[in-house]
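*Asks:* The following block contains a protein sequence and its predicted model.
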Amino acid sequence: MGVITDETLSKYHERVEGKTVIITGAGASIGRATAILFASYGAKVVVADKSLSGVEVTVSEIRCIKGEVVGCVCDVTIWEDVVAMYDLAIQEFGSVDIVVANAGVGEIGGRMMYNPSEGRPVKPLTTTIDVNLTGVLYTVHLAQHYLQLNRPMQDMSSESSSLKSVVLLGSLASWTALTKAPMYTASKHAVLGLMRSLDASFVSRGLRITSIHPFFAATSMVPNVIRLQLAGIPLTPVPRIARTILYAATQSDPACSGAAFWVPDGGALVFMVSREEFKPGVYDDIDRSSNATSVGLIGPKYHMRRIYTITRLLWRELVIVLNVVHKKLGSTKRKDSSEKDFSEYLSEGGRTGPDMLSYTVVIIFIQRIFLGYSAAVPRVATCYTMVALRRTSGSR
(Lines give C-alpha, C1' and ligand atoms only; values in the text may rest on other atoms or scores of the structure.)
Protein backbone atom coordinates (compact mmCIF):
# COMPACT_ATOMS: atom_id res chain seq x y z
CA MET A 1 0.00 0.00 0.00
CA GLY A 2 1.36 3.38 -0.96
CA VAL A 3 1.64 5.93 1.83
CA ILE A 4 0.87 9.50 0.81
CA THR A 5 2.12 12.44 2.84
CA ASP A 6 -0.06 15.47 3.41
CA GLU A 7 2.29 17.56 1.26
CA THR A 8 1.92 15.15 -1.65
CA LEU A 9 -1.88 15.32 -1.64
CA SER A 10 -1.77 18.65 -3.49
CA LYS A 11 1.09 17.68 -5.80
CA TYR A 12 -0.95 17.68 -9.01
CA HIS A 13 -3.18 20.66 -8.25
CA GLU A 14 -2.11 22.54 -11.39
CA ARG A 15 -3.93 19.94 -13.50
CA VAL A 16 -7.35 21.22 -12.40
CA GLU A 17 -6.83 24.77 -13.62
CA GLY A 18 -9.54 25.58 -16.14
CA LYS A 19 -11.20 22.17 -15.66
CA THR A 20 -14.86 21.69 -14.80
CA VAL A 21 -15.58 19.90 -11.54
CA ILE A 22 -19.01 18.73 -10.39
CA ILE A 23 -19.43 18.05 -6.67
CA THR A 24 -22.63 16.65 -5.19
CA GLY A 25 -23.40 17.32 -1.56
CA ALA A 26 -21.28 20.46 -1.81
CA GLY A 27 -23.53 22.53 0.44
CA ALA A 28 -21.68 21.59 3.63
CA SER A 29 -18.68 19.96 5.32
CA ILE A 30 -16.60 17.67 3.06
CA GLY A 31 -18.36 18.73 -0.15
CA ARG A 32 -17.99 22.43 0.61
CA ALA A 33 -14.31 22.11 1.59
CA THR A 34 -13.64 20.15 -1.62
CA ALA A 35 -15.43 22.69 -3.80
CA ILE A 36 -13.49 25.59 -2.29
CA LEU A 37 -10.19 23.71 -2.62
CA PHE A 38 -10.71 22.96 -6.32
CA ALA A 39 -11.80 26.53 -6.99
CA SER A 40 -8.70 27.87 -5.22
CA TYR A 41 -6.58 26.04 -7.80
CA GLY A 42 -8.46 27.50 -10.75
CA ALA A 43 -11.13 24.88 -11.41
CA LYS A 44 -14.60 25.81 -12.59
CA VAL A 45 -16.92 24.32 -9.99
CA VAL A 46 -20.54 23.17 -10.11
CA VAL A 47 -21.90 23.17 -6.57
CA ALA A 48 -24.85 20.78 -6.23
CA ASP A 49 -26.79 20.09 -3.06
CA LYS A 50 -30.32 19.38 -1.90
CA SER A 51 -30.15 22.42 0.37
CA LEU A 52 -30.51 25.75 -1.43
CA SER A 53 -29.08 27.66 1.53
CA GLY A 54 -26.07 25.35 1.60
CA VAL A 55 -25.48 25.89 -2.12
CA GLU A 56 -25.67 29.66 -1.69
CA VAL A 57 -23.12 29.67 1.14
CA THR A 58 -20.62 27.55 -0.80
CA VAL A 59 -21.05 29.60 -3.97
CA SER A 60 -20.57 32.80 -1.98
CA GLU A 61 -17.34 31.54 -0.40
CA ILE A 62 -15.93 30.53 -3.78
CA ARG A 63 -16.75 33.89 -5.27
CA CYS A 64 -14.94 35.54 -2.37
CA ILE A 65 -11.73 33.92 -3.63
CA LYS A 66 -12.53 34.96 -7.22
CA GLY A 67 -13.39 31.44 -8.31
CA GLU A 68 -15.63 30.43 -11.20
CA VAL A 69 -18.70 28.71 -9.85
CA VAL A 70 -22.32 27.92 -10.53
CA GLY A 71 -24.76 26.33 -8.11
CA CYS A 72 -27.90 24.24 -8.39
CA VAL A 73 -30.33 22.44 -6.15
CA CYS A 74 -30.02 18.72 -6.80
CA ASP A 75 -31.58 15.75 -5.05
CA VAL A 76 -29.35 12.90 -6.18
CA THR A 77 -32.18 10.40 -5.66
CA ILE A 78 -34.12 12.09 -8.47
CA TRP A 79 -32.82 11.17 -11.91
CA GLU A 80 -34.05 14.37 -13.55
CA ASP A 81 -32.23 16.50 -10.98
CA VAL A 82 -28.94 14.76 -11.71
CA VAL A 83 -29.44 15.15 -15.47
CA ALA A 84 -30.16 18.87 -14.97
CA MET A 85 -26.97 19.21 -12.91
CA TYR A 86 -24.85 17.81 -15.74
CA ASP A 87 -26.67 19.86 -18.36
CA LEU A 88 -25.95 23.00 -16.33
CA ALA A 89 -22.25 22.19 -16.30
CA ILE A 90 -22.20 21.76 -20.09
CA GLN A 91 -24.24 24.92 -20.60
CA GLU A 92 -22.05 27.06 -18.34
CA PHE A 93 -18.58 25.62 -18.91
CA GLY A 94 -18.80 23.46 -22.04
CA SER A 95 -17.47 20.22 -20.59
CA VAL A 96 -17.20 18.02 -17.50
CA ASP A 97 -13.77 16.83 -16.36
CA ILE A 98 -14.10 15.63 -12.76
CA VAL A 99 -17.12 14.34 -10.87
CA VAL A 100 -17.09 13.94 -7.10
CA ALA A 101 -20.03 11.84 -5.90
CA ASN A 102 -19.97 13.13 -2.34
CA ALA A 103 -23.66 13.43 -1.41
CA GLY A 104 -24.48 11.12 1.45
CA VAL A 105 -26.35 10.69 4.72
CA GLY A 106 -25.90 8.65 7.88
CA GLU A 107 -28.17 5.93 9.21
CA ILE A 108 -31.76 7.15 8.99
CA GLY A 109 -34.69 5.39 10.63
CA GLY A 110 -32.93 2.68 12.62
CA ARG A 111 -35.64 0.16 11.75
CA MET A 112 -33.20 -2.52 10.64
CA MET A 113 -32.37 -3.17 14.30
CA TYR A 114 -35.04 -5.66 15.31
CA ASN A 115 -36.81 -5.14 18.63
CA PRO A 116 -38.86 -8.20 19.69
CA SER A 117 -41.07 -6.05 21.90
CA GLU A 118 -42.40 -4.26 18.81
CA GLY A 119 -43.78 -7.45 17.29
CA ARG A 120 -43.72 -7.83 13.54
CA PRO A 121 -41.25 -5.37 11.99
CA VAL A 122 -42.60 -2.47 9.98
CA LYS A 123 -41.26 -1.50 6.59
CA PRO A 124 -37.86 0.16 7.10
CA LEU A 125 -36.95 3.55 5.73
CA THR A 126 -34.53 3.23 2.81
CA THR A 127 -33.43 6.86 2.67
CA THR A 128 -29.85 5.91 3.49
CA ILE A 129 -29.71 3.44 0.59
CA ASP A 130 -31.51 5.86 -1.72
CA VAL A 131 -29.01 8.67 -1.16
CA ASN A 132 -25.77 6.78 -0.56
CA LEU A 133 -26.19 4.14 -3.26
CA THR A 134 -28.95 5.03 -5.73
CA GLY A 135 -27.77 8.65 -5.84
CA VAL A 136 -24.21 7.50 -6.51
CA LEU A 137 -25.39 5.10 -9.21
CA TYR A 138 -27.27 7.91 -10.97
CA THR A 139 -24.27 10.24 -10.70
CA VAL A 140 -21.75 7.70 -11.99
CA HIS A 141 -23.99 6.38 -14.75
CA LEU A 142 -24.47 9.85 -16.22
CA ALA A 143 -20.83 10.78 -15.65
CA GLN A 144 -19.73 8.17 -18.19
CA HIS A 145 -21.65 10.11 -20.86
CA TYR A 146 -20.97 13.68 -19.86
CA LEU A 147 -17.23 13.19 -19.32
CA GLN A 148 -16.97 12.32 -23.02
CA LEU A 149 -18.94 15.31 -24.34
CA ASN A 150 -16.82 17.90 -26.15
CA ARG A 151 -13.70 15.92 -25.31
CA PRO A 152 -10.72 16.70 -27.58
CA MET A 153 -9.56 13.77 -29.68
CA GLN A 154 -5.95 14.16 -28.52
CA ASP A 155 -7.16 13.93 -24.93
CA MET A 156 -8.92 10.64 -25.68
CA SER A 157 -5.83 9.15 -27.30
CA SER A 158 -3.35 10.09 -24.57
CA GLU A 159 -3.87 8.55 -21.16
CA SER A 160 -1.06 10.52 -19.60
CA SER A 161 -2.62 13.88 -20.43
CA SER A 162 -6.19 12.83 -19.74
CA LEU A 163 -7.95 14.29 -16.75
CA LYS A 164 -11.35 12.65 -16.77
CA SER A 165 -12.11 11.13 -13.44
CA VAL A 166 -14.83 10.18 -11.00
CA VAL A 167 -14.25 10.10 -7.25
CA LEU A 168 -16.70 8.26 -4.99
CA LEU A 169 -17.03 8.89 -1.27
CA GLY A 170 -16.88 5.71 0.70
CA SER A 171 -16.27 5.42 4.40
CA LEU A 172 -14.70 3.44 7.19
CA ALA A 173 -17.92 1.44 6.77
CA SER A 174 -16.74 0.32 3.32
CA TRP A 175 -14.20 -1.89 5.10
CA THR A 176 -15.81 -2.80 8.39
CA ALA A 177 -19.28 -3.29 9.86
CA LEU A 178 -20.91 -0.59 11.95
CA THR A 179 -23.29 -2.65 14.08
CA LYS A 180 -25.61 0.26 14.76
CA ALA A 181 -25.75 1.37 11.14
CA PRO A 182 -26.49 -1.63 8.87
CA MET A 183 -27.95 0.36 5.98
CA TYR A 184 -25.12 2.85 6.04
CA THR A 185 -22.61 0.00 6.11
CA ALA A 186 -24.36 -1.76 3.24
CA SER A 187 -24.39 1.41 1.14
CA LYS A 188 -20.69 2.14 1.70
CA HIS A 189 -19.66 -1.45 1.02
CA ALA A 190 -21.59 -1.09 -2.23
CA VAL A 191 -19.74 2.10 -3.15
CA LEU A 192 -16.41 0.29 -2.93
CA GLY A 193 -17.77 -2.60 -5.00
CA LEU A 194 -19.18 -0.21 -7.60
CA MET A 195 -15.84 1.53 -7.99
CA ARG A 196 -13.96 -1.73 -8.43
CA SER A 197 -16.47 -3.19 -10.88
CA LEU A 198 -16.47 -0.11 -13.12
CA ASP A 199 -12.70 0.35 -13.17
CA ALA A 200 -11.99 -1.78 -16.25
CA SER A 201 -14.78 -0.15 -18.22
CA PHE A 202 -13.57 3.34 -17.31
CA VAL A 203 -9.94 2.61 -18.14
CA SER A 204 -10.89 1.23 -21.56
CA ARG A 205 -12.32 4.66 -22.43
CA GLY A 206 -9.55 6.76 -20.94
CA LEU A 207 -11.52 7.55 -17.78
CA ARG A 208 -10.59 6.96 -14.15
CA ILE A 209 -12.57 6.06 -11.07
CA THR A 210 -11.41 5.92 -7.46
CA SER A 211 -12.94 5.98 -4.00
CA ILE A 212 -12.12 7.80 -0.77
CA HIS A 213 -12.68 6.15 2.62
CA PRO A 214 -12.29 8.49 5.59
CA PHE A 215 -12.29 7.53 9.23
CA PHE A 216 -14.91 9.35 11.29
CA ALA A 217 -14.72 13.01 10.37
CA ALA A 218 -15.77 16.06 12.30
CA THR A 219 -19.02 16.55 10.38
CA SER A 220 -22.70 16.69 11.26
CA MET A 221 -23.09 13.17 9.84
CA VAL A 222 -21.35 11.73 12.91
CA PRO A 223 -24.00 11.59 15.67
CA ASN A 224 -23.18 12.65 19.22
CA VAL A 225 -23.41 9.09 20.52
CA ILE A 226 -20.57 8.10 18.17
CA ARG A 227 -18.57 11.15 19.17
CA LEU A 228 -18.89 10.12 22.80
CA GLN A 229 -17.63 6.64 21.95
CA LEU A 230 -14.70 8.17 20.06
CA ALA A 231 -13.84 10.60 22.85
CA GLY A 232 -10.07 11.00 22.95
CA ILE A 233 -9.58 9.63 19.43
CA PRO A 234 -8.66 12.29 16.85
CA LEU A 235 -11.18 12.54 14.04
CA THR A 236 -10.12 12.89 10.41
CA PRO A 237 -9.70 16.56 9.48
CA VAL A 238 -12.11 17.61 6.73
CA PRO A 239 -9.39 19.55 4.81
CA ARG A 240 -7.32 16.36 4.60
CA ILE A 241 -10.27 14.50 3.09
CA ALA A 242 -10.71 17.30 0.55
CA ARG A 243 -7.03 17.15 -0.40
CA THR A 244 -7.23 13.38 -0.79
CA ILE A 245 -10.13 13.84 -3.20
CA LEU A 246 -7.99 16.34 -5.11
CA TYR A 247 -5.11 13.87 -5.27
CA ALA A 248 -7.32 10.98 -6.40
CA ALA A 249 -8.84 13.12 -9.16
CA THR A 250 -5.56 14.55 -10.45
CA GLN A 251 -2.94 11.81 -9.95
CA SER A 252 -1.11 11.53 -13.26
CA ASP A 253 -0.54 7.77 -13.17
CA PRO A 254 -3.32 5.90 -15.03
CA ALA A 255 -2.74 2.95 -12.68
CA CYS A 256 -4.33 5.07 -9.97
CA SER A 257 -7.73 4.13 -11.38
CA GLY A 258 -9.42 1.41 -9.39
CA ALA A 259 -7.62 2.43 -6.21
CA ALA A 260 -9.18 3.13 -2.83
CA PHE A 261 -7.76 5.79 -0.52
CA TRP A 262 -7.94 5.23 3.21
CA VAL A 263 -7.96 8.53 5.11
CA PRO A 264 -7.24 7.83 8.80
CA ASP A 265 -7.41 10.16 11.76
CA GLY A 266 -5.13 13.14 12.24
CA GLY A 267 -2.26 11.08 13.56
CA ALA A 268 -1.62 8.86 10.53
CA LEU A 269 -0.88 9.27 6.83
CA VAL A 270 -3.21 8.60 3.94
CA PHE A 271 -2.51 5.39 2.06
CA MET A 272 -3.65 4.10 -1.30
CA VAL A 273 -4.84 0.54 -1.93
CA SER A 274 -4.27 -0.17 -5.61
CA ARG A 275 -6.45 -2.52 -7.61
CA GLU A 276 -3.73 -5.20 -7.40
CA GLU A 277 -3.56 -4.94 -3.61
CA PHE A 278 -7.14 -5.94 -2.92
CA LYS A 279 -5.97 -9.57 -2.83
CA PRO A 280 -4.29 -9.72 0.62
CA GLY A 281 -6.26 -10.76 3.66
CA VAL A 282 -9.67 -12.30 3.23
CA TYR A 283 -9.71 -11.48 -0.48
CA ASP A 284 -6.54 -13.52 -0.92
CA ASP A 285 -7.93 -16.39 1.17
CA ILE A 286 -11.08 -16.50 -0.93
CA ASP A 287 -9.06 -16.29 -4.13
CA ARG A 288 -6.78 -19.18 -3.10
CA SER A 289 -9.73 -21.32 -2.02
CA SER A 290 -11.52 -20.61 -5.28
CA ASN A 291 -8.45 -21.49 -7.33
CA ALA A 292 -7.92 -24.67 -5.33
CA THR A 293 -11.42 -25.88 -6.11
CA SER A 294 -11.01 -24.95 -9.75
CA VAL A 295 -7.81 -26.85 -10.47
CA GLY A 296 -9.76 -29.80 -11.84
CA LEU A 297 -11.40 -27.53 -14.37
CA ILE A 298 -8.17 -26.62 -16.09
CA GLY A 299 -7.84 -29.66 -18.29
CA PRO A 300 -9.88 -32.49 -19.84
CA LYS A 301 -12.57 -32.33 -17.16
CA TYR A 302 -13.16 -28.67 -17.89
CA HIS A 303 -13.47 -29.23 -21.63
CA MET A 304 -15.72 -32.25 -21.13
CA ARG A 305 -18.05 -30.27 -18.88
CA ARG A 306 -18.00 -27.37 -21.30
CA ILE A 307 -18.91 -29.58 -24.26
CA TYR A 308 -21.56 -31.34 -22.21
CA THR A 309 -23.19 -28.06 -21.20
CA ILE A 310 -23.15 -26.69 -24.73
CA THR A 311 -24.56 -29.85 -26.28
CA ARG A 312 -27.16 -30.18 -23.58
CA LEU A 313 -28.51 -26.76 -24.46
CA LEU A 314 -27.93 -26.81 -28.22
CA TRP A 315 -27.85 -30.50 -29.16
CA ARG A 316 -30.35 -30.24 -32.03
CA GLU A 317 -28.51 -27.29 -33.55
CA LEU A 318 -25.21 -29.15 -33.18
CA VAL A 319 -26.63 -32.20 -34.99
CA ILE A 320 -27.58 -30.00 -37.93
CA VAL A 321 -24.20 -28.20 -37.93
CA LEU A 322 -22.26 -31.47 -37.76
CA ASN A 323 -24.29 -32.85 -40.62
CA VAL A 324 -23.50 -29.78 -42.73
CA VAL A 325 -19.80 -30.11 -41.88
CA HIS A 326 -19.96 -33.77 -42.82
CA LYS A 327 -21.48 -32.96 -46.20
CA LYS A 328 -18.89 -30.26 -46.88
CA LEU A 329 -15.84 -32.28 -45.85
CA GLY A 330 -16.96 -35.75 -46.96
CA SER A 331 -16.11 -36.07 -50.63
CA THR A 332 -17.05 -39.72 -51.03
CA LYS A 333 -20.56 -40.92 -51.64
CA ARG A 334 -22.21 -42.50 -48.64
CA LYS A 335 -22.82 -46.21 -49.12
CA ASP A 336 -23.68 -47.42 -45.65
CA SER A 337 -27.15 -46.81 -44.27
CA SER A 338 -25.48 -46.01 -40.96
CA GLU A 339 -24.27 -42.83 -42.63
CA LYS A 340 -27.78 -41.51 -43.01
CA ASP A 341 -28.21 -37.75 -42.64
CA PHE A 342 -28.72 -36.64 -39.08
CA SER A 343 -31.68 -34.59 -40.24
CA GLU A 344 -33.21 -37.70 -41.85
CA TYR A 345 -32.59 -39.69 -38.71
CA LEU A 346 -34.32 -37.08 -36.57
CA SER A 347 -37.26 -36.88 -38.96
CA GLU A 348 -37.72 -40.66 -38.62
CA GLY A 349 -38.08 -40.33 -34.87
CA GLY A 350 -34.54 -41.21 -33.83
CA ARG A 351 -34.55 -38.87 -30.82
CA THR A 352 -31.82 -39.02 -28.22
CA GLY A 353 -31.06 -37.15 -25.05
CA PRO A 354 -28.21 -34.70 -24.69
CA ASP A 355 -26.12 -37.03 -22.52
CA MET A 356 -25.34 -39.52 -25.31
CA LEU A 357 -25.05 -36.84 -27.91
CA SER A 358 -22.50 -34.93 -25.81
CA TYR A 359 -20.45 -38.14 -25.65
CA THR A 360 -20.50 -38.58 -29.40
CA VAL A 361 -19.61 -34.94 -29.97
CA VAL A 362 -16.59 -35.40 -27.72
CA ILE A 363 -15.55 -38.36 -29.93
CA ILE A 364 -15.87 -36.19 -33.00
CA PHE A 365 -13.84 -33.36 -31.46
CA ILE A 366 -11.09 -35.77 -30.35
CA GLN A 367 -10.95 -37.25 -33.85
CA ARG A 368 -10.70 -33.76 -35.30
CA ILE A 369 -7.80 -32.91 -33.00
CA PHE A 370 -5.76 -36.07 -33.42
CA LEU A 371 -6.64 -37.21 -36.95
CA GLY A 372 -7.14 -33.93 -38.76
CA TYR A 373 -9.84 -32.83 -41.16
CA SER A 374 -9.50 -35.60 -43.72
CA ALA A 375 -12.40 -36.83 -45.77
CA ALA A 376 -12.43 -40.09 -43.83
CA VAL A 377 -12.90 -38.49 -40.40
CA PRO A 378 -16.43 -37.16 -40.99
CA ARG A 379 -17.48 -40.58 -42.26
CA VAL A 380 -16.05 -42.35 -39.19
CA ALA A 381 -17.57 -39.73 -36.86
CA THR A 382 -20.93 -40.21 -38.53
CA CYS A 383 -20.75 -43.95 -38.03
CA TYR A 384 -19.88 -43.59 -34.36
CA THR A 385 -22.59 -41.06 -33.81
CA MET A 386 -25.30 -43.05 -35.58
CA VAL A 387 -24.42 -46.24 -33.71
CA ALA A 388 -24.53 -44.38 -30.41
CA LEU A 389 -27.84 -42.76 -31.29
CA ARG A 390 -29.41 -46.06 -32.27
CA ARG A 391 -28.17 -47.83 -29.17
CA THR A 392 -29.51 -45.07 -26.97
CA SER A 393 -32.93 -45.00 -28.68
CA GLY A 394 -33.11 -48.79 -28.51
CA SER A 395 -32.43 -48.88 -24.80
CA ARG A 396 -35.26 -46.54 -23.89
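*Replies:* Looks like it arrived, so ask away. A quick note: this is a predicted structure, and the numbers were derived from the prediction, not measured.

*Asks:* quick one: Lys188 and Ser171 touch, right?
*Replies:* Yes - counting by C-beta atoms under 8 Å, Ser171 is a contact partner of Lys188 at 4.2 Å. Where you see a C-beta, it was placed from the backbone N, CA and C, and this is true even at glycine.

*Asks:* Need the residues touching each of the two.
*Replies:* His213 (C-beta atoms under 8 Å, 6 or more residues apart in numbering).

*Asks:* Residue ranges in the stretch 101-250 of the chain under the pLDDT threshold?
*Replies:* 110-111, 154-161, 218, 220-234 (pLDDT under 70).

*Asks:* residue boundaries of the strands in it?
*Replies:* 165-169, 208-214 (DSSP state E, counting those that start in this stretch).

*Asks:* where along the stretch 51-200 of the chain do the helices fall?
*Replies:* 52-64, 79-93, 127-129, 135-146, 153-157, 182-204 (DSSP state H, counting those that start in this stretch).

*Asks:* wait, what's in contact with Thr210?
*Replies:* 165-168, 195, 248-249, 256-261.

*Asks:* what about Met8, distance to Leu125?
*Replies:* Careful, residue 8 is Thr; it's not Met. According to C-beta to C-beta, to the nearest Å, Thr8 stands 41 Å off from Leu125.

*Asks:* for Glu7, same thing?
*Replies:* 43 Å.

*Asks:* Who has more neighbours out of those two?
*Replies:* Counted by other C-beta atoms under 10 Å, Glu7 and Leu125 do not tie: Leu125 has more neighbours, with 15 against 8.

*Asks:* Return the distance of the more buried one relative to Pro182.
*Replies:* Distance from Leu125 to Pro182, by C-beta to C-beta: 12 Å.

*Asks:* List of residues touching the helix or strand that contains Ile36?
*Replies:* For Ile36, the host element (DSSP states H and E) is helix 29-40. Applying C-beta under 8 Å, 6+ apart, the contact partners of helix 29-40 are 16, 21, 23-26, 45, 47, 49, 54, 57-58, 61-62, 65, 67-69, 98, 100, 102-103, 169, 214, 217, 219-221, 238-239, 241-243, 245-246.

*Asks:* With stretch 166-175 instead?
*Replies:* Residues contacting stretch 166-175 (C-beta under 8 Å, 6+ apart): 25, 30, 98-102, 104, 136, 140, 143, 147, 178, 181, 184-185, 188-189, 191-192, 194-195, 202, 207-216, 245, 248-249, 260, 262.

*Asks:* nearest spatial neighbour of Phe278, skipping sequence neighbours?
*Replies:* In this structure, Phe278 finds its nearest non-sequential neighbour in Arg196, 7.1 Å apart by C-beta to C-beta, 6 or more residues apart in numbering.
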